[in-house]
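[1] Give the three-dimensional model of this entry:
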Amino acid sequence: MAHSNVKEMVKSKFRLLIALMIALVLSSGSYAYTFTTDQVTVGVAEPLGDVVSCNATETQPDWSTVLSDLSSEGKTQGEVPAGDIFTINPDASFGGDIIAKVYLSNSGDLAKAYSYFNAKLYLNGSVESGGTPSYRLLTLQNGEATLTLEDLSPVSSAWTETSQADFADSTLNQVDVNTSPGDVILSDFSDNVTDSFADQTKIASSANVTVSGGQVILNSTSGSSNNETLRPTGDGDETTIEGVYPITPSTHWDKVDDVTSDGNNTYVRTLSSTAWTEDLYQIANHSTGSGQINYVRVYAVASHETSSPLQNNFRIHIKTNGVEYNGTELTTTTSYTTYSYDWNTNPQTGSAWTWTEIDNIQAGVSLTRAKNNVGTRCTQVYVQVNYTETSYEPSGTVTSTNLLSADTVSSIDSFDYTASVIPSGTSLKVHFSQNGTSWYNSSGTLNGWDTLSVGMHSIDLSGLGWSGSNFYYHILFTSDTVNTPALDEIVVYFSTYYSSGDLTSSAFDTGYDLDWDWGTISFTINEPSTTNIQYQIRTAATQSGLSSATWYGPTGTSDYYTTSGTTVNSVHDSDRWIQYKAYFTGPGDYTPTFSDISITYSAQSAAYTIEITGGSYALVSDNTTEWDTGWTTTPEFFCEVTPR
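    Next comes the predicted model:
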């Protein structure tokens with residue numbers, strides 16, 4: 001027979017009252033009485049509730065075996081029946097020590113049946129359970145055993161995530177935890193709008209410029225056609241022709257640089273080689289030519305020595321943009337003759353020659369012997385550039401259409417461009433607008449300009465802080481009328497937020513296998529117009545069970561937590577492990593922001609069990625008729641629990 005009492009000793013004058021409820025259980029023809037506990041709270045100022053409850057266990061030791069052994073075997077001594085007698089349940093919010101005292105409340109009646117009775121009481125997790133012995137004896141003589149639980153901790157808390165480190169442990173899908181540390185936002189991605197000037201579809205207006213063929217240049221007017229002659233100034237990348245005359249100096253270029261051919265006075269010569277030998281010479285930069293280059297013509301004056309040749313022995317040779325090209329193979333005569341070869345376009349690019357290419361060209365000849373012991377000579381080489389003089393407009397402009405009208409834009413990041421040429425005396429400048437009226441440079445100066453440079457470059461626009469689907473550029477071309485700058489391509493880079501994303505948190509472990517009660521979910525979010533963040537939760541008894549657990553909102557699988565402070569769905573109660581999932585949506589130009597989350601939880605503290613693990617007894621005799629009236633072999637236990 002067992003009953004219990006719970007005390008709350010925060011102040012000495014307050015005590016917790018216990019009401020006992022008795023249940024009668026029939027077993028093996030004898031009666032065993034078990035007391036179970038109900039509890040009543042006295043309304044006092046402090047604290048507001050019970051801190052611990054103690055209850056008799058549903059199943060008690062089987063005391064009928066004492067008499068069964070006596071009747072069947074005449075056995076008067078034996079082992080005290082083992083089993084649980086009380087459970088102690090601290091409140092989830094309680095922290096501190098607990099003292100449990102177990103009494104024999106019917107010692108007098110037990111003494112009529114037992115000559116001695118020694119029961120071993122054990123409380124799991126108690127101070128005594130870690131000692132030697134690990135139990136306390138309850139006997140007819142002492143009538144009381146004390147057991148102690150120390151340093152119990154409250155079992156109610158909150159799981160909170162608020163820092164970059166907290167969120168970085170999550171599984172991230174198109175969301176960003178780095179741009180704004182401590183916040184979670186939708187990730188963005190880079191996109192661009194490009195105009196390579198194949199047409200004028202992205203140009204709203206222009207003045208004094210031509211847009212065609214992948215380029216924008218100033219308008220021009222053509223003048224007369226002229227030639228500029230350029231002569232060798234030094235040896236180039238090849239000097240494999242065998243001989244020179246005179247032999248000193250040993251350089252080759254100065255043997256063919258005559259303004260007027262001097263015949264055999266100076267020349268380069270091949271006599272013994274049956275293979276082509278080649279010379280290339282550095283050519284002077286142009287000085288008077290300008291405008292459109294119509295063709296490049298290379299001249300050479302050459303001959304062979306006595307006798308008629310048996311093979312082609314001469315060709316004109318050039319190198320441009322790192323690649324060598326040859327003119328037609330020819331057969332010379334015994335008299336010096338002027339030969340030439342025309343390249344109407346640059347053979348390496350297939351396009352019209354540029355003056356830069358003219359200034360870097362190398363020109364020369366390839367020679368082989370005419371026949372055995374008959375040499376080939378070249379006495380003069382020069383380049384003639386035919387061009388049409390062009391006069392360019394002194395200035396011109398290009399204004400774009402709204403390049404981002406079809407896009408959702410979270411930030412306008414950069415303006416990239418390619419300008420193939422900006423000759424001295426010319427310039428390119430640009431500024432930008434979001435309304436086509438007010439124009440700014442990249443530093444945000446109203447009516448300011450950014451100056452462009454030749455080549456591929458990028459102008460950072462992030463400092464403007466612009467977003468949205470409006471962007472225009474306006475470019476100013478200037479010229480000395482002799483040359484024009486050329487703009488080949490522009491690219492506007494911008495960022496767009498993903499329209500959706502999600503964050504799946506790391507798994508959180510409450511730390512104990514208890515009967516958990518999940519409380520509320522609270523969060524801090526910022527949701528600009530047409531953006532949204534909502535949450536679901538999943539739980540499991542084990543960490544491995546989380547991956548297959550179902551996500552729930554506050555009432556089911558198809559809804560979401562959208563209001564901070566909402567009660568967590570009770571379907572999760574009792575589970576130890578938990579995760580949340582945050583779902584983000586937005587229009588692309590804006591993002592919602594998730595800053596922190598807190599999920600509260602509590603649980604009944606671990607249940608501690610007082611049990612009889614053994615002991616011994618001896619009956620007064622083997623004849624119950626000799627026992628005094630009122631005898632019993634079933635102990636009545638009383639448990640009193642108080643905080644310390």
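[2] Residue 536 - how many residues pack around it?
    23 (other Cβ atoms under 10 Å). Any C-beta I mention is one placed from the backbone N, CA and C, and that applies to glycine too.
[3] what's the spacing between it and residue 297?
    Here the criterion is Cβ to Cβ, to the nearest Å. By it, residue 536 lies 79 Å from residue 297.
[4] now do residue 266
    22 Å.
[5] Using CSV, write out the CA atom coordinates for the longest strand along the chain.
    Longest strand in the chain by number of residues, with DSSP state E as the criterion: strand 376-392. Output in CSV follows, covering the C-alpha atoms of strand 376-392 (Å, rounded to 0.1, in the frame of the first residue of the first chain):
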residue,chain,number,x,y,z
THR,A,376,68.2,37.1,-107.6
ARG,A,377,68.6,40.7,-106.4
CYS,A,378,66.3,43.3,-104.9
THR,A,379,67.4,46.9,-104.7
GLN,A,380,64.3,48.8,-103.5
VAL,A,381,61.1,48.2,-101.3
TYR,A,382,58.4,50.7,-100.3
VAL,A,383,54.8,50.8,-99.3
GLN,A,384,52.1,53.1,-100.9
VAL,A,385,48.9,53.7,-99.0
ASN,A,386,46.0,54.9,-101.1
TYR,A,387,43.3,56.8,-99.0
THR,A,388,40.4,59.1,-99.4
GLU,A,389,40.5,62.1,-97.2
THR,A,390,37.5,62.3,-94.8
SER,A,391,36.2,65.3,-92.8
TYR,A,392,34.2,64.3,-89.7
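[6] list the helices and strands it packs on?
    Helices and strands touching strand 376-392, by 3 or more Cβ pairs under 8 Å, 6 or more residues apart in numbering; DSSP states H and E, are strand 220-230, strand 267-270, strand 277-283, strand 292-304, strand 362-367.
[7] Where does residue 458 fall, secondary structure wise?
    According to DSSP states H and E, residue 458 maps onto strand 455-460.
[8] List the strands paired with that strand, with their directions.
    Using DSSP bridges, the strands paired with strand 455-460 are strand 411-421 (antiparallel).
[9] Contacts for the partner strand, please.
    For strand 411-421, the surrounding residues in contact (Cβ atoms under 8 Å, 6 or more residues apart in numbering) are 188, 190, 215, 354, 356, 404, 428, 430, 432, 442, 452-462, 464-467, 471, 473, 483, 485-495.
[10] just stretch 429-444 next, same as before
    Contacts for stretch 429-444 (Cβ under 8 Å, 6+ apart): 204, 399, 402, 415, 417, 446-452, 459-461, 463-464, 466, 468, 470-476, 478.
[11] for the stretch 201-350 of the chain, which spans come out with low pLDDT?
    309 (pLDDT under 70).
[12] give the contact list for the spatially most central residue of the chain.
    The chain has residue 176 as the residue nearest its centroid, 6.3 Å off, counting by Cα atoms, centre = their mean. Contacts for residue 176 (Cβ under 8 Å, 6+ apart) come out as 184-188.
[13] How many residues are close by the closest residue to residue 504 other than its chain neighbours?
    Once flanking residues are discounted, residue 504 sits nearest to residue 171: 4.2 Å by Cβ to Cβ, 6 or more residues apart in numbering. For residue 171, the count of nearby residues is 12 (other Cβ under 10 Å).
[14] right, and residue 171 touches residue 503 too?
    Yes - Residue 171 lies in contact with residue 503 (Cβ atoms under 8 Å); the separation is 7.2 Å.
[15] Same question for residue 165, what's its three-state structure.
    Under the three-state scheme (DSSP: H, G, I helix; E, B strand; the rest coil), residue 165 adopts helix.
[16] Just give me the neighbour total for it.
    When counting by other Cβ under 10 Å, one arrives at 11 neighbours for residue 165.
[17] picking up where we left off before, now the contacts of residue 176 in TSV, please, with extra columns for pLDDT and distance to residue 124.
    Converted to TSV, the contacts of residue 176 look like this (pLDDT from 0 to 100; distance: Cβ to Cβ, whole Å):
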residue	pLDDT	distance to residue 124
184	98	44
185	97	50
186	97	51
187	96	51
188	95	56
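[18] Narrow the residues you listed to those in strands?
    184-186, 188.
[19] which of those has the most neighbours?
    residue 184 leads the ones in strands among the contacts of residue 176 on contacts (other Cβ under 10 Å) with 31 neighbours.
[20] now it, nearest residue through space, not along the chain?
    Using Cβ to Cβ, 6+ apart, the nearest residue to residue 184 is residue 594, at 4.2 Å.
[21] Nothing else from me, thank you.
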